[in-house]
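1. based on what follows, work out the 3D shape:
(chains A and B, ligands or ions: 2)
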Amino acid sequence: MFDSVLDVEKQLSAQDYICDQKISTVVFLAEKLEKPVLVEGPAGVGKTELAKVVAAATGRRMIRLQCYEGLDEAKALYEWEYSKQLLYTQILKEKFSEAMAGSTTLSEAAERVGKEDSVFFSEQFIVPRPLLSAITSEDATLLLIDEVDKSDPEFEAFLLEVLSDFQVTIPELGTISSRTKPLVFLTSNNAREMSDALKRRCLHLYIDFPSQELEQRILETKVPGVEQRLAADLVEMMAKLRRLDLKKVPSISETLDWARALLALNAKELDAEFVGQTLNVILKYEGDVRKAQGELSQLLEKKAAKAHATAESVTEVPEAKAVKKGALH
Amino acid sequence: MQQKILEFTNILRKSGIRVSTAETIDAFKALDELSIEDRGVFRDALCATMVKRGEEVATFQQLFDLFWSGFYDSLREQFEEAGAGLAEMGVDLDELLKQIAEMLQDMDGEVGDLSDLARAMLLGDLNQLEQMIRAAAEASGVQNIENFLQVGFFSRRTLEQMGVEGASDELRDLAAALEEAGMDPDQVAALRRLIEGLTEAARKGIRNYTERELQQQNHDYMEKFRRETLLEKSFYHLSEDETRKMREVVERLAQRIKNILSIRRRRLKRGKLDLHQTLRRNMSHGGIPFELIFKQRKKDRPKLVILCDVSSSVANVSRFMLQFVYSLQDAFTKIRSYVFVAELGDVTELFREGDISQSIEKALDGGGVINVYTRSNFGYAFHHFWQNHLSVIDNKTTVLILGDARNNYNDPRAWCLRDIHNKAKNVVWLNPESPSAWGFGDSVMNRYLPYTDVAEECRNLKQLSSIIDRLVL
Ligand SMILES: Nc1ncnc2c1ncn2[C@@H]1O[C@H](COP(=O)(O)OP(=O)(O)OP(=O)(O)O)[C@@H](O)[C@H]1O
Ligand SMILES: [Mg+2]
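-> Ligands and ions are numbered 1, 2, ... in the order given. Model (predicted):
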């Protein structure tokens, strides 16, 4: 349990997750109000990661349901284990014959088998999928329903039922309710807008690309070797890039990758050469790279000029200046 | 507080943010768990519980600032100012109030005898004052304010409704009574000055409130205006800003259609039982078919050939139509695009490399293949297509033509379109002009009409989206 909004921020940062007040407020409320959170935002801003670190910080076991087109109840909730049932039928063949012994008609035989079939539809033959695992779990869990926008609307309707009372009915077994209410995070990239009904049940958290200041803190936490000035330059570039009209906008993971690449190349600061060598780490399309190159080289030139100017003013003694001037003329 | 939140909920609703009662209750519950002293946390809690769409967050933000920050603070400022004058006179406000209370007691009375408003003013009870101003403003119908000229009117009405003058008179009488009872003249002077200050502060507070209300109403109005009219606004008159916003709207509409398509496609998927696959899949079950496999049914996706007039008169319609079509690329098996003014050029390749909006701008500029600075000649363009590209059309092709059919009195060569029509599945013509103008002046639309299956006016987003809807669904 978190004590306060501030406490959330602290505990998540202990898990190397840097968040702003908006995120921590919503996480705090989610736990207090026992409400699911729908996290939306562009790719790679840390939606999935947020669920993971909240699980770690609260000591909950994380159960993940990855959504995709075509995901259905069987894959999300439970399935009967056909092959095991089949196997048991084979093994118990003789028992069946015994049970059927003495029956004279086919329907009588079927009736007798029918009486026994509950044997095959018991918990033993159920394969629990994430939703059922979360409901039946003994210990506290965090249920992550990842990329829910990729699932079909029909599945969303089903999800709605489960989320509203955390119990499921298995016709052969009856109703199972949750023992401990899981904390639920749903993430979405907005490939499809979720229904109002689902949204009403959830707290909403929109995570956008972080501010430069925040991204720099993330960078320094996640890539410890990176120097402060390099980090500052990197996030400034990223902010620039994100304003361009790119086909795929680079996210936080790309910032981290880029920083790691630069570290590997032993770069102390960003210059045109390094940027040229590594731009393909963060941009996946040829067209994007071309667009970015123009923009970034401008920025780098400006930076270089500035750095030069300050370097001069610091190191140059008046005499040297005079010499230089003389040399110029 | 609850009252205020309900009021805020109403304002959100008026601006098009759908907040349900359940969500308002969530907001209450959330606020119970938090210290609402922190504005930021307070705002984030309201946002998380009441606003569920990313694109509505900005609107929420603005309204929040307008509604929550500010009024109380500005009220406090004004009342502080009223009290500040006293310090100059060497009188301490708290001392003065204590003295008044003591004297009243001797006179067998108390501050509590004053009317609510007079007491709130004298004691600087801002919470009470704020509520009274809100109530009075509402009673005088300030929510109907429409323009700046009405600020004075509604302020006066609120002032009367609240009875500020009466309260001030009450306080003036009090000062007189205290003077009579022997209060120190300096203090009486200070009190009088305070009373005038307070009256002025209340007046300003009310005016301030009215102005804010106007801003809020304007905001609602502009939002609604923006939403509704962008859809109906003619492509002919768009500012740069509107063009940008329009692009977003097109994107959203396209997204909506995509969603519908994906659902439909799923529904269609289940075809006949696939015996072959079923047997193979169930080998491990000893050939007993536990899992059934169905054939996937295919729906024919249309092939699309676009002939797009890019002369300046229709450039904007072309822009959004191309954006629309290319946002929906997956809905078609194949798209070929041609642009023309008089010459006709194939710009299909332009769209191969990703970035739609850039490709569109290039295409509108002739795509490096045609000269756009000539006079429109539909006949010439169609003839050129007929000669060189007729083979791209087959009986699964929808031909989408966009143009105003203003042919500058050239030969329309309608027979070219006839042949196109004969080969294609259908021909759809979108014309930015209204049907009443077709065939008049240099419009040759009437000559082409017999060879189209659908011909419609398309002048704004609403019309465009309904046509595209029908095309793909
Ligand atoms: N606030 C943060 N603090 C620390 N690391 C972060 C933060 N935000 C993102 N990251 C890092 O960025 C990377 C991408 O995050 P994640 O995979 O959670 O993104 P996502 O929003 O789920 O993306 P997608 O929509 O593609 O699934 C992770 O490696 C994560 O560690
Ligand atoms: Mg993710």
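
2. in three-state terms, label the closest residue in space to B:Arg207 that isn't next to it in sequence for me.
-> Leaving aside its sequence neighbours, B:Arg207 sits nearest to B:Ser155 (CB to CB, 6 or more residues apart in numbering or on different chains; 4.6 Å). (Glycine included, C-beta is placed from N, CA and C.) Look at B:Ser155: counting by DSSP: H, G, I helix; E, B strand; the rest coil, its state is helix.

3. do the same with A:Leu262
-> helix.

4. got a list of what it touches?
-> A:226, A:230, A:234, A:270, A:274, A:278 (CB atoms under 8 Å, 6 or more residues apart in numbering or on different chains).

5. now with 7 Å?
-> A:230, A:274, A:278 (CB atoms under 7 Å, 6 or more residues apart in numbering or on different chains).

6. equivalent analysis for B:Ala381, please.
-> Taking CB under 7 Å, 6+ apart, one finds B:340, B:342, B:344 in contact with B:Ala381.

7. roughly how far does it sit from chain A?
-> 30 Å (CB to the nearest CB, to the nearest Å).

8. distance check, that residue against B:Glu130.
-> Distance of B:Ala381 to B:Glu130, computed by CB to CB, to the nearest Å: 68 Å.

9. ok, back up a step: quick check, nearest of the contacts of A:Leu262 to chain B?
-> Distances from chain B to those, taken as CB to the nearest CB, are shortest for A:Thr278 (21.6 Å).

10. burial of that closest one, as a residue count?
-> 19 (other CB atoms under 10 Å in any protein chain shown).

11. what strand or helix carries it?
-> helix A:272-282 (DSSP states H and E).

12. that helix near ligand 1 anywhere?
-> No. Using CB under 6 Å from any ligand atom, helix A:272-282 stays clear of ligand 1, with a minimum separation of 12.8 Å.

13. for the helix or strand following that helix, what is the average pLDDT?
-> Next helix or strand after helix A:272-282 toward the C-terminus (DSSP H and E): helix A:286-315. Per-residue pLDDT over helix A:286-315 has a mean of 75.

14. returning to what we had before: ranking the contacts of B:Ala381 by neighbours, who comes first?
-> Ranking those using other CB under 10 Å puts B:Phe340 first, with 26 neighbours.

15. nearest residue to it in space, please, no chain neighbours.
-> Here the residue nearest B:Phe340, using CB to CB, 6+ apart, is B:Ala381, at 3.8 Å.

16. what separates the one you found from B:Arg459, distance-wise?
-> On the measure of CB to CB, B:Ala381 and B:Arg459 end up 22 Å apart.

17. swap in B:Ala254?
-> For B:Ala254, the distance to B:Arg459 - CB to CB - is 19 Å.

18. wait, a helix at A:Glu69?
-> No. Judged by three-state DSSP, A:Glu69 forms no part of a helix; its state is coil.

19. correct me, but it touches A:Phe155?
-> No. A:Glu69 is beyond contact range of A:Phe155, at 9.4 Å (criterion: CB atoms under 7 Å).

20. who has more neighbours out of these two?
-> A:Phe155 (20 against 13).

21. quick one: contacts for that one?
-> A:71-72.

22. now with 6 Å, please.
-> A:Leu71 (CB atoms under 6 Å, 6 or more residues apart in numbering or on different chains).

23. and what of A:Leu283?
-> A:289, A:292.

24. quick one: it from ligand 1, how far?
-> 16 Å (CB to the nearest ligand atom, to the nearest Å).

25. how about B:Ala381?
-> Taken as CB to the nearest ligand atom, the span from B:Ala381 to ligand 1 is 45 Å.

26. that residue belongs to a helix?
-> Yes. Read with three-state DSSP, B:Ala381 is one of the residues of a helix.

27. quick check, pLDDT for it.
-> So, for B:Ala381, pLDDT stands at 94.

28. can you check B:Leu159 too?
-> 89.

29. closest residue of chain A to ligand 1?
-> Residue of chain A nearest ligand 1, by CB to the nearest ligand atom: A:Gly46 (2.4 Å).

30. neighbours of the closest residue to that residue other than its chain neighbours, how many?
-> Excluding its sequence neighbours, the residue lying closest to A:Gly46 (CB to CB, 6+ apart) is A:Ile252, at 6.0 Å. Other residues within reach of A:Ile252, judged by other CB under 10 Å, total 23.

31. can I get the CA coordinates of the helix or strand where A:Glu215 lies in CSV?
-> Following DSSP H and E, one finds A:Glu215 within helix A:212-222. Coordinates of each C-alpha in helix A:212-222 appear next as CSV, following Å, rounded to 0.1, in the frame of the first residue of the first chain:
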residue,chain,number,x,y,z
GLN,A,212,13.1,16.9,-21.5
GLU,A,213,13.9,17.2,-17.8
LEU,A,214,12.0,14.0,-17.0
GLU,A,215,13.6,12.1,-19.9
GLN,A,216,17.0,13.2,-18.8
ARG,A,217,16.3,11.7,-15.4
ILE,A,218,15.1,8.5,-17.0
LEU,A,219,18.2,8.4,-19.1
GLU,A,220,20.6,8.9,-16.2
THR,A,221,18.8,6.2,-14.2
LYS,A,222,18.6,3.6,-16.9
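
32. for it, buried residues please.
-> A:215-220, A:222 (16 or more other CB atoms under 10 Å in any protein chain shown).

33. give the next helix or strand downstream of it.
-> According to DSSP H and E, the helix or strand after helix A:212-222 is helix A:228-243.

34. what packs against that following helix?
-> helix A:212-222 (3 or more CB pairs under 6 Å, 6 or more residues apart in numbering or on different chains; DSSP states H and E).

35. can you rerun that using 8 Å?
-> helix A:212-222, helix A:252-264, helix A:272-282, helix A:286-315 (3 or more CB pairs under 8 Å, 6 or more residues apart in numbering or on different chains; DSSP states H and E).

36. which SS class is the residue of the stretch 251-400 of chain B at minimum distance from ligand 1?
-> Ligand 1 sits closest to B:Gln255 of the stretch 251-400 of chain B, with a gap of 16.7 Å, by CB to the nearest ligand atom. For B:Gln255, the secondary structure call by three-state DSSP comes out as helix.

37. so which residues of the stretch 201-350 of chain B form strands?
-> B:270-273, B:294-296, B:303-309, B:334-340, B:344-346 (DSSP state E, counting those that start in this stretch).

38. which one of those strands lies nearest to B:Phe71?
-> strand B:303-309 (52.9 Å; CB to CB).

39. distance check, the closest residue to chain A within the stretch 101-250 of chain B against B:Leu129.
-> In the stretch 101-250 of chain B, the residue that lies nearest chain A is B:Arg247 (10.5 Å; CB to the nearest CB). To B:Leu129, B:Arg247 is 47 Å away according to CB to CB.

40. who has more neighbours out of those two?
-> Neighbour totals were compared for B:Arg247 and B:Leu129, and B:Leu129 leads with 25 against 17 (other CB under 10 Å).

41. got a list of what that one touches?
-> B:75, B:79, B:117, B:120-121, B:202, B:205.

42. where does residue 139 land on pLDDT?
-> All of this refers to chain A. 90.

43. other chain: chain B
-> So, for B:Ala139, pLDDT stands at 90.

44. isn't it up against B:Gln161?
-> Yes. Contact criterion CB atoms under 8 Å: B:Ala139 and B:Gln161 qualify, at 5.3 Å.

45. hang on, the earlier thing: what is the burial count for the residue of the stretch 251-400 of chain B closest to ligand 1?
-> For B:Gln255, using other CB under 10 Å, the count is 16.

46. can you check A:Ser97 too?
-> A:Ser97 has 10 nearby residues by other CB under 10 Å.

47. compare neighbour counts for B:Ala139 and B:Gln161 and give me the winner.
-> The neighbour comparison of B:Ala139 against B:Gln161 (other CB under 10 Å) goes to B:Gln161, with 19 against 12.

48. so which of the buried residues of helix A:212-222 comes closest to chain B?
-> Of these, the one sitting nearest to chain B (CB to the nearest CB) turns out to be A:Arg217, at 17.9 Å.

49. leaving out the residues flanking it, which one is nearest to residue 29?
-> This is for chain A. B:Ala30 (5.1 Å).

50. sorry, I should have been clearer: chain B.
-> A:Leu33 (5.7 Å).
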